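Participant: any chance you can model this:
(one chain, ligands or ions: 1)
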Amino acid sequence: MKVAVIGGTGYVGLVTGIGLAAHQNDVICVDIDRRKVNEMNNNILPIHEEGLSNLLKEAKKNNKIRFTSRIKDAVAESTIIIVAVGTLENKNGDADMSYLFKALKTIADSINEYKVIVIKSTVPVGTCEMAELFIRDNLRNHLCTFDVTSNPEFLKEGSAVKDFMFPERIVIGANSEKAAKLLTELYTTFDAPVLLTDVRSSELIKYACNCYLATRISFINEIAEICERTNADINSVIAGMKLDKRIGGAYLSPGPGFGGPCLSKDIKSLINFAARADANVGLLKSVLYRNELQITNIFSKICSEVPGSINKKVSVLGLSFKAGTNDTRNSPALSLIKILAGTKNKVEVYDPVVKGLEIRLPSNISIAGSLDSAVEESDCLIIMTEWDEFKSMDLVSVYNKMRTPVIIDTRNILQDRTAKEIGFRYIGIGIQSLSYESREEELKCII
Ligand code: UGA
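Facilitator: Numbers count the residues shown, from 1 in each chain. Down below sits the predicted model:
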């Protein structure tokens, strides 16, 4: 099929465009950013995703993909117009729809025959219907017909190509049979169940999924704190929970809180538009609140380990919001660094992939070139991202380099027993800290 992807060099647009081209569709990726379009024409990818570069080469070899800034031509030539522009969070937490409506205006100007417009960007419930009215009002050629549909994406950074090529489900929200049929046809070559529904439900499915994942993370982070207070062990608790098939084990790893460009943005947006629709959003608000608490709790742990806060060196390991990506948007590590900037500690940060930040760093914070230099003479090491390099670091050598051997492992990636045997003071998230013998006193407080 002939497909145009608007926002075609962005994260979702690019993976979608290249993925659909790999399924033998004729794809035109459109972007107003000419520099990125030029780079794509020279095979320079703006993002790193495993397998993407090979798929692109193959698609180009088969003449299945083109990159351009000429949106009018791309719309005119294609039957399916996928809109995958960013809907980032604005100041009050709403999704910023300005790029979306700019794209819709150009589409309305360019429609020359029947088109299916597919909104892939994450948008509040009702947006597709609003888009339909907007395009109708702005249509240059009033004889042309079109449908606006919803087709949310479920790609995870770091495994986006796999998620696109082997999806667990495809959700199509369409209020017209003609559009539903065309979109179903677009995905016939994918081996995945297709859920056909109305546009509003489809829009909400995306929010429900991301917010549910965030809820599980906040839930387990809260249980981990209860473990710390009651001296239970989060790993055992999770092991017991996930054996229940109704619960399962995904998104139950405690940590510094969820980060990245999507989960908290989508919760805030859902809270706002649901509240405007008079829905009660108490649960969603507390999911966000717990997430913010995680960083405060980690900072409290640092404060009790590094007293005095003068002439002490704190090493932060990890900058990206999770392993496998160089994305630092809403990264818990950055939130922590911002708090540490207000202390008198010298902070050295190391990440195997992120080598610099666009923000100006406060004078007490610097980026180390290697793990070794980050831990050298350190008084407290804080693991913020679950990179393999940190999982497999030589703990004996780290112990010998540090001035005070303290590890705060916010991802629970190290074996606490091994670390303790080497001589570290090891603090995880929800990990037991009291020995069996010293628990008697504790019992009096909690029962
Ligand atoms: C998320 C969703 O998982 C995707 O399905 C969705 O398509 C995407 O947002 C989106 O809306 O575009 P992503 O932002 O790539 O994907 O990140 P996740 O892998 O879901 O992780 C989010 C955050 O939760 C990370 O900071 C991660 O470290 C944290 N996390 C995840 C935990 O703290 N514990 C867990 O058990 C799992």
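Participant: how near is residue 79 to residue 2?
Facilitator: According to C-beta to C-beta, to the nearest Å, residue 79 and residue 2 sit 5 Å apart. Glycine gets a C-beta too; all of them are placed from N, C-alpha and C.
Participant: ok, now residue 392?
Facilitator: Here the criterion is C-beta to C-beta. By it, residue 392 lies 48 Å from residue 2.
Participant: neighbour count: those two, which is higher?
Facilitator: residue 2 (13 against 9; other C-beta atoms under 10 Å).
Participant: without its sequence neighbours, what residue ends up closest to that one?
Facilitator: Nearest residue to residue 2 in three dimensions, chain neighbours excluded: residue 78, at 4.3 Å (C-beta to C-beta, 6 or more residues apart in numbering).
Participant: who's in contact with that neighbour?
Facilitator: The contact partners of residue 78, by C-beta atoms under 8 Å, 6 or more residues apart in numbering, come to 2-4, 26, 28, 115.
Participant: for the protein, which residue occupies the most central location?
Facilitator: For the chain, the residue nearest the mean C-alpha position is residue 260 (3.8 Å; C-alpha atoms, centre = their mean).
Participant: touching the ligand at all, the longest helix belonging to the chain?
Facilitator: Criterion DSSP state H: the longest helix present in the chain is helix 199-230. Yes. Helix 199-230 is in contact with the ligand by C-beta under 6 Å from any ligand atom, via 210, 213, 217.
Participant: quick one: list the elements packing against that helix.
Facilitator: Under the contact definition 3 or more C-beta pairs under 8 Å, 6 or more residues apart in numbering; DSSP states H and E, helix 199-230 sits against helix 127-138, strand 146-150, strand 170-173, helix 234-242, helix 263-276, helix 282-305.
Participant: how big is the angle separating the second one from helix 199-230?
Facilitator: Our comparison of strand 146-150 with helix 199-230, counting by axes from the mean of the first three to the mean of the last three C-alpha atoms, to 10 degrees, yields an angle of 10 degrees.
Participant: now do strand 146-150 and helix 127-138, the angle between them.
Facilitator: Going by the same axes, to 10 degrees, strand 146-150 makes 160 degrees with helix 127-138.
Participant: what's downstream of strand 146-150, the next helix or strand?
Facilitator: helix 160-165 (DSSP states H and E).
Participant: if you drop the residues flanking it in sequence, what lies closest to the residue of the stretch 1-150 of the chain found nearest the ligand?
Facilitator: The nearest approach of the stretch 1-150 of the chain to the ligand comes at residue 122, 5.9 Å away (C-beta to the nearest ligand atom). Spatial nearest neighbour of residue 122, excluding adjacent residues (C-beta to C-beta, 6+ apart): residue 206 at 5.3 Å.
Participant: show the contacting residues for the one you found.
Facilitator: 122, 152-154, 171, 266.
Participant: what separates the strand or helix carrying residue 55 from the chain centre, distance-wise?
Facilitator: In this structure, residue 55 sits in helix 52-61 according to DSSP H and E. Its chain's average C-alpha position is 25 Å from that of helix 52-61, according to C-alpha atoms, centre = their mean, to the nearest Å.
Participant: flag every buried residue along it.
Facilitator: Within helix 52-61, the residues scored as buried using 16 or more other C-beta atoms under 10 Å are 52, 55-56, 59-60.
Participant: now do that helix, average pLDDT.
Facilitator: Averaged across helix 52-61, pLDDT comes to 96.
Participant: dump that helix to PDB, keeping only the CA atoms.
Facilitator: Output in PDB follows, covering the C-alpha atoms of helix 52-61 (Å, rounded to 0.1, in the frame of the first residue of the first chain):
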ATOM      1  CA  LEU A  52      16.900  -0.400  12.200                       C
ATOM      2  CA  SER A  53      19.900   0.400  10.100                       C
ATOM      3  CA  ASN A  54      19.800  -3.000   8.300                       C
ATOM      4  CA  LEU A  55      16.000  -2.800   7.700                       C
ATOM      5  CA  LEU A  56      16.600   0.700   6.200                       C
ATOM      6  CA  LYS A  57      19.300  -0.500   3.800                       C
ATOM      7  CA  GLU A  58      17.100  -3.300   2.700                       C
ATOM      8  CA  ALA A  59      14.100  -1.000   2.200                       C
ATOM      9  CA  LYS A  60      16.200   1.400   0.200                       C
ATOM     10  CA  LYS A  61      17.600  -1.400  -1.900                       C
END
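Participant: and it, what does it pack onto?
Facilitator: Helix 52-61 sits against helix 11-22, helix 160-165, with contacts defined as 3+ C-beta pairs under 8 Å, 6+ apart.
Participant: show me what counts as buried in stretch 393-410.
Facilitator: So stretch 393-410, judged by 16+ other C-beta under 10 Å, has buried residues 393, 395, 398, 401-402, 405-410.
Participant: roughly how far out does the longest helix of the chain sit from the chain middle?
Facilitator: Counting by C-alpha atoms, centre = their mean, helix 199-230 is centred 14 Å from the centre of its parent chain.
Participant: flag every residue of the stretch 251-400 of the chain that's near the ligand.
Facilitator: Residues of the stretch 251-400 of the chain found near the ligand (C-beta under 6 Å from any ligand atom) are 251-253, 255, 258-260, 262-263, 321-322.
Participant: now, those residues that are in helices?
Facilitator: The members of those that map onto helices under DSSP H are residue 263.
Participant: and which of the residues of the stretch 251-400 of the chain next to the ligand is nearest to residue 228?
Facilitator: residue 255 (13.8 Å; C-beta to C-beta).
Participant: figure out the helix or strand that the residue nearest to that closest one when sequence neighbours are not counted lives in.
Facilitator: With sequence-adjacent residues excluded and distances taken as C-beta to C-beta, 6+ apart, residue 255 is closest to residue 411, at 5.3 Å. Under the criterion DSSP H and E, no helix or strand holds residue 411.
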